[in-house]
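# Please find the sequence and the predicted model below.
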Amino acid sequence: MFKTVNKVRNQFGIELKKIEISINMNLGKINLITPPDKLYNSNVSYLLVKPSTKLKLQFQQKLSKLNEDINVYIFDDDEQDIDWLLSVSQTTDFVIVDIDNCDKKTLLFVALILTQPNSYYYTLNDDVPWNLISRNRIYDLDWIQEVLDNDEETDE
């Protein structure tokens with residue numbers, strides 16, 4: 001028979017010891033930011049431009065192993081605020097553009113974004129020679145893990 005007295009569980013008049021199991025997992029905080037908002041702090045920041053579901057899932061998987069606080073800016077399907085996109089692409093640490101998922105309006109500005117050294121692009125279409133603008137073509141997001149590992153090593 002169990003009885004609760006002052007939020008302490010008792011069995012037959014004997015106070016049961018509370019067993020706590022704690023797992024020391026210090027996961028970082030992820031700030032998700034969409035137009036028209038901006039966040040000014042010293043966290044590493046990523047901008048995802050028109051990411052496909054596949055790219056979002058890959059990115060989420062990489063971030064699940066992260067212990068640092070980061071900012072993730074997303075310029076997604078329904079977004080049309082090009083001023084915000086260009087402004088944020090200038091201030092973030094990494095820009096990832098899913099060219100195949102961009103609408104016509106966004107594609108007009110992709111070349112400008114890709115001229116920045118911190119911009120990376122994902123495409124399966126080889127008809128447009130994006131490599132003339134940027135050599136930072138990616139095929140998956142495995143390189144993010146290397147960047148995150150290097151960042152953690154420099155913090156220690």
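Looks like it came in fine. Just so it is clear, the structure is predicted and the values come from calculations on it, not from any experiment. Residues are numbered from 1 along each chain as shown.
# List the buried residues in stretch 133-144.
133, 134, 136, 138, 141, 144 (16 or more other CB atoms under 10 Å). For the C-beta atoms, the positions are set from N, CA and C on the backbone; glycine is no exception.
# for that stretch, the distance to its chain's centre please.
15 Å (CA atoms, centre = their mean, to the nearest Å).
# Tell me which stretches of this structure form helices.
Using DSSP state H, the helices of the chain run over residues 53-63, 82-91, 104-114, 142-155.
# Just the strands from this structure, written as ranges.
With strands called from DSSP state E, the chain shows them at 2-5, 8-11, 14-15, 30-33, 44-49, 70-75, 94-98, 119-122, 137-138.
# Give me the sheet partners of the last one and which way each runs.
Strand partners for strand 137-138, identified by DSSP bridges, are recorded as strand 119-122 (parallel).
# what's the strand it pairs with in contact with?
Outside strand 119-122, the residues that touch it by CB atoms under 8 Å, 6 or more residues apart in numbering are 55, 89, 94-100, 110, 113-114, 130, 134, 136-139, 143.
# Spatially central, which residue of this structure would that be?
Nearest to the geometric centre of the chain sits residue 72, at 4.4 Å (CA atoms, centre = their mean).
# Which residues does that residue form beta bridges with?
Beta-bridge pairing of residue 72 under DSSP bridges involves residue 32, residue 46.
# thought it was touching residue 33?
Yes - the criterion here is CB atoms under 8 Å, and residue 72 meets it with residue 33 at 6.9 Å.
# And the closest residue to residue 77 other than its chain neighbours, how close does it get to residue 146?
Spatially, and ignoring its direct neighbours in sequence, residue 77 is nearest to residue 50 (7.1 Å; CB to CB, 6 or more residues apart in numbering). As judged by CB to CB, to the nearest Å, residue 50 and residue 146 stand 24 Å apart.
# Neighbour count: these two, which is higher?
More neighbours surround residue 50 than the other of residue 50 and residue 146, with 22 against 9 (other CB atoms under 10 Å).
# Now the weakest link among the strands of the chain, please, by mean pLDDT.
Note on the strands of the chain: strand 2-5 shows the lowest mean pLDDT, a mean of 48.
# Tell me who's in contact with residue 84.
By CB under 8 Å, 6+ apart, the neighbours of residue 84 are 35, 36, 38, 75.
# Can you flag the buried ones in those?
Neighbour counting over the contacts of residue 84 (16+ other CB under 10 Å) leaves 35, 75 as the buried ones.
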